[in-house]
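Participant: this one's sequence-less:
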């Protein structure tokens, strides 16, 4: 299977909507492109199983490698393993749902929405997804960085033009913070590049070559450049204390953009932390593990408590994203096979769950014109479908068994507990405890906004979800349930990829017993 | 022999022929309609540009005072392209102007000077070329004859370039005293790092720094850029600067290679100062021309990062970046020049809500600004990345960290413009403008160049392979 299709399909779709006339053609074309992409993603999964079933044990499958800037050893090198496939599937689910949710983007709900700019909206959405797909299939760090930055500016425009509230401020803050993250990554990548050695004084950006013996970095260089890469990618993934763009960005963004931001963009960071920082610099990852764990535990607890204080549904979900993405970084920092598997599962699970959450909030907001928990109430009676969606998203967020949230968080906790050190144990216990707080804010939001008496008479005539909204929510719920009820397929999908990473790390740990305290 | 001279000097000769043709046209120009005249001139410039791609020979003339090779021809082609684009863009402005031919004669004279300067193998021919390229510029800056600001700009330009020429001349004479020759090759052999030579080198460097407006030699830039007509501003900020870089880089890498230990640190300090101060001033600007003036100062800082890499990669990345910078800056100036010629509006506040009335102009400006900020998929990303990569090859990561932070700061003020165009509304937005074909062509050239250049890897390979001589 030619992986370049994954980048080409959304790109071609984005440019195909330019000559389209009228919003109907535009959104039909976008949906078509997104569905083709979803089909491609599922085909990729099947092909992958076939290859692995046939006994192919290569680290990456479906590789192709073209020279791009020859004198600098920069290639367009792509390939996938289980982790990337999981992320690609997540992206294609969220993109389809996002496009379906934006179906009525041109119908002005409030004066701030620009009429007649639907084409630009879908163009930017698709362009954003090009960045995400490209990032997940890249095996060359330059290509990867290229796609990482491709996805920043569409977010700025999406939030700034179609957002609500203090949208310009949030858009600017998000763009600058993410670009600061990219700047860190840039320095880290250049340091990485110039410390590799492929013979005759030449260097490489190739993700598969660097871990090889005698090519990769010495421990000194690793210790110097690991923080740049980890913090850089960490900013994308709401690493404490660089998380401040998350609440503003998410809550000002239009629904689809929030879904993309939380569902896809934040995962770019987690994936980068794992695939680039940890995989290529295992020595430094072991050294700095305690800082990562400390920061992610703070993020988990801080995020959870900050959510308790929020009154706006979008802010609730945004702050809870900080807490949930903390689990991803915690899992990576724990450096055991189970914990890293859990971290990747949490990325997929959180991506689906938070997209569903934002979709439900968007639907509620489009009808009631408020996102304040206190002003809502009794929605279950008026719009049962949307309310159910909201409840499912909430339950997944608090980790109810049967949903993907449970599977992912449980795996992270078990993996973390495998470290016998007291520091690791305390961090794990604290992280576990945050689930109680999660339960409080989720159930409180559900209780006040969804259950109870109908808050205002004007809510009585609200309509329930339209076909596109139902379809969008169903797709995401299918994803959540497919992981929640049968987690083994995801686990098996991720296992070989995680094993490759953990082998790097264990090589280091065996050489030198880590003493943290 | 004659054929050899003709072939090696073909670009310079062609340019001279065009200048003479223009002067002849001038005699009968009263009967010509200005727009026809402009079409003819643009056609001549197009021929001039295309001629750069045929019959390319390498060699040297006049005892090594004039050299040419593939890299130099490529550099001249970049300058020709930029001149052509600027000429297309200023169509609307020149259409109303009485002295079209004088403008072009002056512009092509400076271009001729730059060609000789790039090709020079001797400090004397270099200096003559430089003077030919800088004195007519002052006259060009004064071309908005009715505006006092324009003559103020011209005055500032002529004084500062006279000052920098004086510095250069002082440096050249000291260099002659220290080495006994003006020839680059002999100077290279005679350099031994004595304090007199170092002093001469610093004077030369300051002279260069003036021309490319490196902080602290930048003070003339913003005022001149703001006062001069937009076409001249873009010519100053793109063609004039690019030509200096084209001669600065090889001179630094070959002639003064043995002083590298001394100039490396100077470059690093200058580069940091230029990036930081350029950016800090750009943040506060409300006039787009001033904004772009300061942004172009900070871009020069980035180019210096690349030069400090001091290797084949350094030279290649600088030339590659200059090409991209040319397209991006001209894209931005093109839109601004067009709007300024038709409405006279130049401040960011005037651009609020531009997208609702002029989507095409908005996208071209946005693409150009993203490229200047170094955002993919525009070419600016590749240019910046390779510059920083060349700099990192020198091993000084502090410089790279500072440059990376500056990229974020720079993004802020570019996004301010984007924000005004796309997100903010205005009671009196700029009305819908009709874009005449020539400026439209220029904008499309820039926009497509910005999008395509980064992806064609062989272009960089080609420049890299030509840079082997360092």
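Facilitator: Received, thanks. For clarity, every value in this text was computed on a predicted model and none was experimentally measured.
Participant: Below-threshold pLDDT in the chain: ranges please.
Facilitator: Assuming you mean chain A. Residues of chain A that meet the criterion pLDDT under 70 lie in A:106-116, A:509-517.
Participant: looking at chain B here, not the other one
Facilitator: B:1-2, B:29, B:310, B:468-470.
Participant: So what does the spatially most central residue of it have for phi and psi?
Facilitator: For chain B, residue B:238 is the residue whose C-alpha lies nearest the centre (CA atoms, centre = their mean; 2.4 Å). Dihedral angles phi and psi of residue B:238 (degrees, to the nearest 10) take the values phi -110, psi -70.
Participant: Please list the residues of chain B that sit near chain A.
Facilitator: B:312-313, B:316, B:370, B:375-377, B:381, B:385-386, B:388-389, B:392-393, B:395, B:397, B:400-401, B:404-405, B:407-408, B:411-412, B:415, B:418-419, B:422-424, B:457, B:460-461, B:464-465 (CB under 8 Å from any CB of the partner chain). Heads up, the C-betas are built off the backbone N, CA and C, glycines and all.
Participant: Flag every residue of chain A that's near chain B.
Facilitator: Contacts of chain A with chain B, taken as CB under 8 Å from any CB, map to A:67-72, A:74, A:142, A:145-147, A:149-150, A:152-153, A:156-157, A:160-161, A:167-168, A:171-172, A:175-176, A:179-180, A:183-184, A:186-187, A:190-191, A:193-194, A:224.
Participant: What about those residues, which are in strands?
Facilitator: Taking DSSP state E as the definition of strands, the residues of chain A next to chain B contribute A:67-69, A:74.
Participant: you'd agree residue B:275 is up against residue B:301?
Facilitator: Yes: with contact defined as CB atoms under 8 Å, residue B:275 and residue B:301 form a contacting pair (3.3 Å).
Participant: wait, what's in contact with residue B:314?
Facilitator: Contacts here follow CB atoms under 8 Å, 6 or more residues apart in numbering or on different chains; on that basis residue B:314 touches B:249, B:253, B:306-308, B:390-391, B:393, B:470.
Participant: mind running it again at 7 Å?
Facilitator: Counting by CB atoms under 7 Å, 6 or more residues apart in numbering or on different chains, residue B:314 touches B:306-307, B:390.
Participant: and of those residues, the nearest to chain A?
Facilitator: Within the contacts of residue B:314, proximity to chain A (CB to the nearest CB) peaks at residue B:390, which comes in at 9.4 Å.
Participant: Now do the contacts for the closest one.
Facilitator: Residues B:306, B:309, B:311, B:313-314, B:317 are the ones in contact with residue B:390 under the rule CB under 7 Å, 6+ apart.
Participant: Closest one of the residues you listed to chain A?
Facilitator: Minimum distance to chain A across these is 7.1 Å, recorded for residue B:313 (CB to the nearest CB).
Participant: Please name the nearest non-neighbouring residue to that closest one.
Facilitator: Closest residue to residue B:313 apart from its sequence neighbours, by CB to CB, 6 or more residues apart in numbering or on different chains: residue B:390 at 4.5 Å.
Participant: So that neighbour belongs to a strand, correct?
Facilitator: No: the assignment for residue B:390 is helix, going by DSSP: H, G, I helix; E, B strand; the rest coil, so no strand is present there.
Participant: Residue A:71 versus that one, what's the distance?
Facilitator: According to CB to CB, to the nearest Å, residue B:390 stands 11 Å off from residue A:71.
Participant: can you put the contacts of residue B:390 in a markdown table and add secondary structure and distance to residue B:53?
Facilitator: As requested, these are exported to a markdown table (DSSP: H, G, I helix; E, B strand; the rest coil; distance: CB to CB, whole Å):
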| residue | secondary structure | distance to residue B:53 |
| --- | --- | --- |
| B:306 | helix | 26 |
| B:309 | coil | 29 |
| B:311 | coil | 28 |
| B:313 | helix | 26 |
| B:314 | helix | 26 |
| B:317 | helix | 23 |
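Participant: can I get these in CSV with distance to residue A:475?
Facilitator: Output for the contacts of residue B:390, formatted as CSV (distance: CB to CB, whole Å):
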residue, distance to residue A:475
B:306, 47
B:309, 49
B:311, 52
B:313, 48
B:314, 51
B:317, 46
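Participant: Buried only: go through these for me.
Facilitator: B:306, B:309, B:313-314, B:317 (16 or more other CB atoms under 10 Å in any protein chain shown).
Participant: Report the contact partners of residue A:38.
Facilitator: Applying CB under 7 Å, 6+ apart as the definition, the contact partners of residue A:38 turn out to be A:92-93, A:96.
Participant: if you set the cut-off to 8 Å instead, what comes out?
Facilitator: Residue A:38 sits next to A:92-93, A:95-96 when contact means CB under 8 Å, 6+ apart.
Participant: so which strand or helix has it?
Facilitator: Counting by DSSP states H and E, the element that carries residue A:38 is helix A:22-53.
Participant: Report the closest residue of the stretch 51-200 of chain B relative to chain A.
Facilitator: Taking CB to the nearest CB, the stretch 51-200 of chain B has residue B:71 as its residue nearest chain A, at 14.6 Å.
Participant: what's the neighbour count on residue A:467?
Facilitator: The criterion is other CB atoms under 10 Å in any protein chain shown. On that basis, residue A:467 has 9 neighbouring residues.
Participant: what ranges do the strands span in chain A?
Facilitator: For chain A, the strands defined by DSSP E occupy A:61-69, A:74-80.
Participant: Looking at the contacts of residue A:38, which are in helices?
Facilitator: A:92-93, A:95-96 (DSSP state H).
Participant: circling back to that earlier point, just the buried subset of the residues of chain B next to chain A, please.
Facilitator: So, by 16+ other CB under 10 Å, the buried ones in the residues of chain B next to chain A are B:312-313, B:316, B:370, B:375-377, B:381, B:385-386, B:388-389, B:392-393, B:397, B:400-401, B:404-405, B:407-408, B:411-412, B:415, B:418-419, B:422-424, B:457, B:460-461, B:464.
Participant: Surely residue A:167 touches residue A:250?
Facilitator: No: because the distance of 11.9 Å does not satisfy CB under 8 Å, residue A:167 is recorded as not touching residue A:250.
Participant: Which of the two has more residues huddled nearby?
Facilitator: More neighbours sit around residue A:250 than around the other of residue A:167 and residue A:250, counting by other CB under 10 Å; the figures are 27 against 23.
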